[in-house]
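In: Curious how this folds, go ahead:
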Amino acid sequence: LLPGCELTASTKSYTFQVDEEDDSDHILALSVVCLSDGAKDECNVVEVVGRNHENQEIAVPVANLKLSCQPLLSLDNFKLQPPVTFRLAAGSGPVHLSGWHRIMHREDASFEVDDDLSDEEDEEELPPIMPAKK
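Out: Below you'll find the predicted structure:
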């Protein structure tokens, strides 16, 4: 699946989210950020807004595009965990973002552990240590 979005002066953000009840693992990868037709020669800064390990919102700039010097940036499938928001922090765009979304369905990984197995079965029997000869 190749999602894409466009950020403009009127649409400054786009949020990619998945159903909260979905128990699958989702990976969103950002591949390319580029200026689209009609872009002005100004700095266009794109930020990714997400949550850190403490569930605090953080914003990280991932692209600074300018028509005359860098109209396109390849992000080599920069992987993100949804939900994630892409925001045009500076400039008027239009900036087009593209990438892919992978869904990995969790299979029932539960299994029963047999508590009857003793640790002795896992250990190798070592030969007795003999005293050194003088």
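In: Might you report the residue contacts of the residue most central in space within the chain?
Out: The chain has Leu80 as the residue nearest its centroid, 1.5 Å off, counting by C-alpha atoms, centre = their mean. Residues counted as contacts of Leu80 (C-beta atoms under 8 Å, 6 or more residues apart in numbering) are Ile27, Leu28, Ala29, Leu30, Val48, Gly50. Where you see a C-beta, it was placed from the backbone N, CA and C, and this is true even at glycine.
In: Enumerate every residue touching the closest residue to Ser92 other than its chain neighbours.
Out: Closest residue in space to Ser92, ignoring its immediate chain neighbours: Ala9 at 3.9 Å, by C-beta to C-beta, 6 or more residues apart in numbering. Contact analysis of Ala9 by C-beta under 8 Å, 6+ apart lists Leu88, Ser92, Gly93.
In: Residues in contact with the host helix or strand of Trp100: which ones?
Out: Trp100 belongs to strand 95-104 when assigned by DSSP states H and E. Strand 95-104 is contacted by residues 1-8, 14, 16, 24-36, 39, 44, 46, 63, 65, 75, 77-78, 86, 88 when judged by C-beta under 8 Å, 6+ apart.
In: Pull up the pairing partners for it, direction included.
Out: strand 4-7 (antiparallel), strand 25-35 (antiparallel) (DSSP bridges).
In: closest one to Glu57 among these?
Out: strand 25-35 (16.9 Å; C-beta to C-beta).
In: which residues in this structure form strands?
Out: Here the chain has its strands, by DSSP state E, at 4-7, 13-16, 25-35, 44-51, 57-65, 72-80, 84-90, 95-104.
In: Mean pLDDT added to these, as CSV?
Out: Formatted as CSV, those follow (pLDDT from 0 to 100):
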stretch, mean pLDDT
strand 4-7, 89
strand 13-16, 89
strand 25-35, 87
strand 44-51, 92
strand 57-65, 94
strand 72-80, 88
strand 84-90, 93
strand 95-104, 84
